[in-house]
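**Student:** Kindly generate the corresponding structure for this input.
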Amino acid sequence: MSREKGGALRNQSTGGRRLGVAAVICGTLFGAPLLLLHSATATASHAASAAEPRAHTPHGGALNTPSGPGGVKLPSNLVAYQAPTTTTTAPLQNTTQQAAARSTQTEGYLDPPGQTSKVFAFTGSGATEVSVVWSGSTYLTMVVSCPDASQSVGGTSAMQATLPNAAGSCRATVSEPSSESATLTFTITIGPPGG
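**Tutor:** All right, here's what the predicted structure looks like:
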């Protein structure tokens, strides 16, 4: 065998392989995008149909929705998945502490001899101040009582009682002594000291 013959045979057999490899590469370059395009279109149509709302049927029921433009209804045992709903609630605050933190004002009315006192119930929670104001010079008394403490005060036009540690069910009773006989309106404020 001469050098020329071996080289020619080698070139001829290599050329056939090169043609085969080129065909495979071209087929891959043109075929793969077409396959991916078809796959992406199918995925998009599946995603769009999955996003459409469907009527929920009981397990074992069939969803009879048209499968194509011809309107053919095919029975199916598939059930549309509905994610469970979750709700979050904020923790409840202790209303007793919250109520004690703010002062409340209430208007009261005395009309002797029929109504000579007025009682105001409240829940004590820590230091509590009860004050009463009215116009005029009529003398009034007030008794503030809680399970662990009580205080009595009196005055003309204003009075105030402070309990350092009011707790539980408390009462403030505003009274007009029998020596007085004026009809009057007053304002009572119950809350933390200075509040």
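**Student:** Okay, buried residues for the strand or helix carrying Thr185 please.
**Tutor:** Element membership for Thr185, per DSSP states H and E: strand 184-191. Neighbour counts over strand 184-191 (16 or more other Cβ atoms under 10 Å) mark 184, 186, 188, 190-191 as buried. (C-beta placed from N, C-alpha, C; glycine too.)
**Student:** any idea which of these is closest to Val144?
**Tutor:** Of all these, Val144 sits closest to Ile190, with 8.9 Å by Cβ to Cβ.
**Student:** So for the closest one, what's the pLDDT?
**Tutor:** Ile190 carries a pLDDT value of 92.
**Student:** hey, C-alpha coordinates of the strand holding Thr185 in PDB?
**Tutor:** C-alpha atoms of strand 184-191 as PDB (Å, rounded to 0.1, in the frame of the first residue of the first chain):
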ATOM      1  CA  LEU A 184     -77.900  69.200  90.400                       C
ATOM      2  CA  THR A 185     -75.900  67.500  87.600                       C
ATOM      3  CA  PHE A 186     -72.300  66.400  88.200                       C
ATOM      4  CA  THR A 187     -69.500  64.800  86.200                       C
ATOM      5  CA  ILE A 188     -67.600  61.800  87.600                       C
ATOM      6  CA  THR A 189     -64.200  60.800  86.200                       C
ATOM      7  CA  ILE A 190     -62.800  57.300  86.900                       C
ATOM      8  CA  GLY A 191     -59.300  56.300  85.800                       C
END
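**Student:** for the chain, which spans come out with low pLDDT?
**Tutor:** Where the chain drops to pLDDT under 70, the residues are 1-16, 37-101, 195.
**Student:** Okay, domains of it per the record?
**Tutor:** 1-45, 97-191 (automatic domain parsing).
**Student:** most neighbours per residue, which of those domains?
**Tutor:** When you average the neighbours per residue for each of the domains of the chain (mean count of other Cβ atoms under 10 Å), domain 97-191 leads with a mean of 16.
**Student:** what's across from Asp111 in the sheet?
**Tutor:** With DSSP bridges applied, Asp111 shows beta-bridge pairing to Gln115.
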